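Visitor: build me a model from this:
(one chain, ligands or ions: 1)
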Amino acid sequence: MYPRQQKRWHVYPTAEDFEIRVVRGILRMAREAIAVRGAFCIVLAGGKTPAPIYRRLAAARMEAEWSKWHVYWGDELCLPADDPARNSVIARRAWLDDSPIPAAQIHPIPAEFGPQGGAERYAEVVAGVDEFDLTLLGLGEDGHTASLFPGRDWGADPDSAEVLAVTDAPGACAERVSLSANRLSRSREVVFLATGFGKFSAVQRWRCGEPLPAAAITPACGVDICLTLDAFDFA
Ligand SMILES: O=C1O[C@H](COP(=O)(O)O)[C@@H](O)[C@H](O)[C@H]1O
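Guide: Now for the predicted structure:
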């Protein structure tokens, strides 16, 4: 059993409000982390939901000290490195390919080596970070987050591996690499992103206390869940 999750819900009337507020929050957290610790370590979410956020970060070129950003991912699909379905490629195309963040500070998950090979290699990469400053996460329609799926081991125990080799994910890509719930919880801030009516049922189940994978992310500071109104309630 994992610790109780402290949740703060933030509901925005439109997708534009959601995007503006989330981007503003990311830039503020980056400024604070850089002022206090001299660097900002962010974990990116995969899937489609964060793409507009990444595009807005790309447009905010003058608003951050990009040379101090270090970028990681929460999960990745075991597909060729340049496959457009990969979480790293979605973020690269929307933002990172055209960003001033030094290439050596961008750390995609090497999932092209397969679940086991990718997990072992990425464990060495994240071992260099004690606590992430900000972890962005998505929410699947079945309540999964990163590549932690219902009915599987999410690595929520304190002694579980930091990076998991996933071989039986439902859907099109069964093989994946994912940070474990335990590792994702080692973040100063965690922000979930969910937009659209398709997420409504997962959000309701989470609000009602069902033990979904998303509920296993339990950083000391709690989690912030940013939603559009249609994902939260009947508008
Ligand atoms: O499989 C995945 O799905 C979730 C949610 O994706 P979305 O397209 O519905 O936003 C995502 O957070 C995760 O990284 C991805 O691998």
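
Visitor: give the contact list for Ala111.
Guide: Residues counted as contacts of Ala111 (CB atoms under 8 Å, 6 or more residues apart in numbering) are 76-79, 86, 118, 175-177. Any C-beta I mention is one placed from the backbone N, CA and C, and that applies to glycine too.

Visitor: so which of the residues you listed sit within strands?
Guide: Counting by DSSP state E, the contacts of Ala111 place 76-77, 176-177 in strands.

Visitor: could you save those as JSON lines and add columns showing pLDDT, neighbour count and distance to the ligand?
Guide: Shown next, in JSON lines, are the ones in strands among the contacts of Ala111 (pLDDT from 0 to 100; neighbours: other CB atoms under 10 Å; distance: CB to the nearest ligand atom, whole Å):
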{"residue": "Glu76", "pLDDT": "98", "neighbour count": "29", "distance to the ligand": "8"}
{"residue": "Leu77", "pLDDT": "98", "neighbour count": "26", "distance to the ligand": "7"}
{"residue": "Arg176", "pLDDT": "98", "neighbour count": "28", "distance to the ligand": "7"}
{"residue": "Val177", "pLDDT": "98", "neighbour count": "30", "distance to the ligand": "10"}
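
Visitor: out of those residues, what pair is the most spread apart?
Guide: Checking these against each other with CB to CB, the farthest-apart pair comes out as Leu77 and Val177, at 8.4 Å.

Visitor: what number of residues lie near Arg188?
Guide: By the other CB atoms under 10 Å criterion, the neighbourhood of Arg188 contains 18 residues.

Visitor: do Arg28 as well
Guide: Arg28 is flanked by 10 other residues according to other CB under 10 Å.

Visitor: does the ligand sit close to stretch 39-53?
Guide: Yes. Shown here: stretch 39-53 in contact with the ligand (CB under 6 Å from any ligand atom) through 45-49.

Visitor: burial count for Pro80?
Guide: Neighbour count of Pro80, defined by other CB under 10 Å: 11.

Visitor: now swap in Pro108 and tell me
Guide: Burial of Pro108 is recorded as 22 neighbouring residues (other CB under 10 Å).

Visitor: nearest residue to Arg56 other than its sequence neighbours?
Guide: Counting by CB to CB, 6 or more residues apart in numbering, Val23 is the residue found nearest to Arg56 once chain neighbours are left out, at 4.5 Å.

Visitor: surely the one you found touches Leu57?
Guide: Yes. With the criterion set as CB atoms under 8 Å, Val23 and Leu57 qualify as a contacting pair; they are 6.2 Å apart.

Visitor: any idea how far the biggest helix by length in the chain is from the chain center?
Guide: The residue-count maximum for a helix in the chain (DSSP state H) belongs to helix 15-37. Using CA atoms, centre = their mean, to the nearest Å, we find the averaged C-alpha position of helix 15-37 to lie 15 Å away from the chain's own average C-alpha position.

Visitor: show me what counts as buried in that helix.
Guide: Counting neighbours by 16 or more other CB atoms under 10 Å, one finds that the buried residues in helix 15-37 are 18-19, 22-23, 25-27, 29-30, 33-34.

Visitor: what is the most widely separated pair among the residues you listed?
Guide: Applying CB to CB across the buried residues of helix 15-37, the maximum distance is between Phe18 and Ile34, 24.8 Å.
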